[in-house]
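**Q** fold the following and give me the result.
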Amino acid sequence: MKFLDNISEKFDNIGEKLSKTGKEAVNKTKELAEIAKLTLAVKEEEKKIASAHERIGREYVTRFSGAEDRILPEAFDEISASKKEIDSLNERIRVLKGITLCQKCGAEIEADVKYCVKCGAANEKDDNAVAEAPVCPKCQAPIEADQEFCVICGEQIKK
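**A** Numbers count the residues shown, from 1 in each chain. Purely as a prediction, here's the structure:
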């Protein structure tokens, strides 16, 4: 009987060790899940902070873009230059698409329509502005004064 008692005791020890190891694995898994959950919560809070910083920056730029004593004047200059470049690029896109902006409401309308589809205002074409803007002789795409070739059709621009 002693032999059976020893075997029974050994199985009990193995069972206890397996149970203990299983409990430790479950606890470790719970800890890892909690760490992942907390890490995600930290990331969400950091996103909120970044969003608040962006809102503060936008509000500051809106309120103080014309102020003499603003901080980071070079950043304001960069923003201003980029906005002008964006306007210029968008205008070139509109010209290529045959679209203009309504002078009353700012809606995009086809350049050849007589009235705005949004507000009904007359589409008054500024023929002088069109005549002054250099265009490619082949495809009529707008070109820069120093361009030697059209970026749309490849035509050589003769000066």
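**Q** the strand or helix carrying Glu46: how far from the chain's middle?
**A** According to DSSP states H and E, Glu46 maps onto helix 2-64. Taking C-alpha atoms, centre = their mean, to the nearest Å, one finds helix 2-64 lying 33 Å from the centre of the chain it belongs to.
**Q** pull the helix or strand with minimum mean pLDDT from the chain.
**A** Ranking every helix and strand in the chain by mean pLDDT, DSSP states H and E puts helix 127-132 at the bottom, with a mean of 49.
**Q** right, and the helix or strand after the helix holding Glu46?
**A** Using DSSP H and E, the helix or strand that follows helix 2-64 in sequence is helix 73-97.
**Q** which residues touch the helix or strand following that following helix?
**A** Later in the chain than helix 73-97, the nearest helix or strand by DSSP H and E is strand 99-101. Here strand 99-101 makes contact (C-beta atoms under 8 Å, 6 or more residues apart in numbering) with 94, 107-111, 123, 125. Every C-beta, even on glycine, is put in place using the N, C-alpha and C of the backbone.
**Q** buried ones in strand 99-101?
**A** 99-101 (16 or more other C-beta atoms under 10 Å).
**Q** turn the residues you listed into CSV, columns for pLDDT and distance to Ile79.
**A** Shown next, in CSV, are the buried residues of strand 99-101 (pLDDT from 0 to 100; distance: C-beta to C-beta, whole Å):
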residue, pLDDT, distance to Ile79
Ile99, 90, 26
Thr100, 91, 26
Leu101, 92, 22
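**Q** from those residues, which is closest to Gln156?
**A** Ile99 (27.5 Å; C-beta to C-beta).
**Q** from Cys116, how far out is the closest one?
**A** 12 Å (C-beta to C-beta, to the nearest Å).
**Q** the inter-axis angle of the helix holding Glu46 versus helix 73-97?
**A** Relative orientation of helix 2-64 versus helix 73-97 (axes from the mean of the first three to the mean of the last three C-alpha atoms, to 10 degrees): 80 degrees.
**Q** helix 2-64 packs against which elements?
**A** Other elements packing on helix 2-64 under the criterion 3 or more C-beta pairs under 8 Å, 6 or more residues apart in numbering; DSSP states H and E are absent; no helix or strand qualifies.
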